[in-house]
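Student: Next one to model:
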Amino acid sequence: MVTPEAKRNAVKHLHDTFGQSLRKLCILIGLNRSSWYYEPQPDSNEPIRKRLRELADERKRWGYRRLHYLLRREGFQINHKRTERLYREENLMLRVRRRRKMASENRVAPPPPERKNHCWAMDFMSDNLYNGRRFRVLNVLDSYSRDYLGFEVDTSINGKRVCSVLERIAWFKGLPELITVDNGPEFIGKALDAWAHRHGVKLVFNRPGKPVDNTYIESFNGRLRDECLNVNWFMSLGHAREVIAEWQEDYNSVRPHSSLGTRTPEEFLVQQTEFCQKEVVY
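Tutor: This is a model prediction of the structure:
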């Protein structure tokens, strides 16, 4: 569909080039003469459009919903429908690869996390440096608060390294009651088993071929892949650690989470702490 603005531009070009009358050119182009004389009003949405384009450029893998929450945080009085309309008009839509629906089956779902440090989730990812060298990323997530607790980046990470990462996180965050993991060799080995027994932590293993048993970390890995690993070109392991650390800070303190009511993990934990304190007082 050709917009009135485009038709006005065509009439102006033909009029300037060939000197034909505006009446004939409007008939030729199919533009109402009143539309030719119409002077467009300044776009009151331009400040929002400008900021929306800037945010979309900074957050290349965020859709309009998360960008809407950032606009609201910055003081723009705008509802989600208006944000979506401007988002589409600016051609900022993401290309989303739709997943094929799979047949469901009966299974015993693991109990949902009920509080901070009730259940952590842990899993590996892999990626390449600029020269094709492969490296691995160990991620640790609090399934309740979605807090990205920590990570480890290296070309090889064995069971002892996994235990060292957990010790480092526990020093600052405390110990979990449960840790959900898959059946990878680093998780089923003696090192992690001994660490869990020593600290009174229960290891919950996914059923083989059932990543849905650990949906929190699987969903998180998808976000990390989409928003960080796929949009960066890592020159070294140190560079990868630096970039992922920056993304971790952004994920925990800036990124809105729909599962947390559009709050960040930090905001969610603060509100949960305040709520618990009020319950103790009353």
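Student: For the spatially most central residue of the chain, give me its contacts.
Tutor: Centroid check for the chain by C-alpha atoms, centre = their mean gives residue 223 as the closest residue, at 4.8 Å. Taking C-beta atoms under 8 Å, 6 or more residues apart in numbering as the criterion, residue 223 is in contact with residue 251. All C-beta atoms are positioned from the backbone trio N, CA, C, and that covers glycine.
Student: do that again at 10 Å, thanks
Tutor: By C-beta atoms under 10 Å, 6 or more residues apart in numbering, residue 223 lies in contact with 61, 146, 148, 247, 251, 255, 257.
Student: Show the buried residues in these.
Tutor: Among the contacts of residue 223, those buried by neighbour count (16 or more other C-beta atoms under 10 Å) are 146, 148, 247, 251, 255, 257.
Student: pLDDT of stretch 70-86, averaged?
Tutor: Stretch 70-86 carries an average pLDDT of 90.
Student: buried sites along it?
Tutor: Neighbour counts over stretch 70-86 (16+ other C-beta under 10 Å) mark 70-72, 83-84, 86 as buried.
Student: just those now: which is nearest residue 239?
Tutor: Among those, residue 70 lies closest to residue 239 (C-beta to C-beta), at 26.6 Å.
Student: if we look at the strand or helix carrying that closest one, which residues are touching it?
Tutor: Secondary structure from DSSP states H and E places residue 70 in helix 64-73. Applying C-beta under 10 Å, 6+ apart, the external contacts of helix 64-73 come out as 48, 51-52, 55-56, 58-59, 62, 76-88, 90, 92-94, 254-258, 262-264.
Student: hang on, the earlier thing: of all the buried residues of stretch 70-86, which comes closest to residue 215?
Tutor: Nearest to residue 215 among the buried residues of stretch 70-86 is residue 70, at 25.8 Å by C-beta to C-beta.
Student: What's the local residue count around residue 181?
Tutor: Neighbour count of residue 181, defined by other C-beta atoms under 10 Å: 22.
Student: Give the rounded mean pLDDT of stretch 176-189.
Tutor: Mean pLDDT, stretch 176-189: 91.
Student: How far does that stretch stretch from one end to the other?
Tutor: By C-alpha to C-alpha, to the nearest Å, the extent of stretch 176-189 from end to end equals 19 Å.
Student: Please tell me how far it is from the chain's geometric centre.
Tutor: Counting by C-alpha atoms, centre = their mean, to the nearest Å, stretch 176-189 is centred 25 Å from the centre of its parent chain.
Student: Quick check: buried residues in that stretch?
Tutor: Residues of stretch 176-189 classed as buried by neighbour count (16+ other C-beta under 10 Å): 176, 178-182, 186-187.
Student: Among the buried ones among the contacts of residue 223, which are located in helices?
Tutor: Among those, the ones falling in helices (DSSP state H) are 247, 251.
Student: Let's have the buried ones among the contacts of residue 223 in CSV, adding distance to residue 197.
Tutor: Listed next are the buried ones among the contacts of residue 223 as CSV, based on distance: C-beta to C-beta, whole Å:
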residue, distance to residue 197
146, 28
148, 26
247, 33
251, 31
255, 36
257, 33
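Student: Closest one of the buried ones among the contacts of residue 223 to residue 134?
Tutor: Minimum distance to residue 134 across the buried ones among the contacts of residue 223 is 19.9 Å, recorded for residue 247 (C-beta to C-beta).
Student: Who are the contact partners of that closest one?
Tutor: Residue 247 touches 148, 151, 223-224, 227-229, 231-232, 255, counting by C-beta under 10 Å, 6+ apart.
Student: If any of these are buried, give me the PyMOL selection for them.
Tutor: Buried members of the contacts of residue 247, defined by 16+ other C-beta under 10 Å, are picked up in PyMOL with:
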select buried, resi 148+151+223+224+227+228+229+255
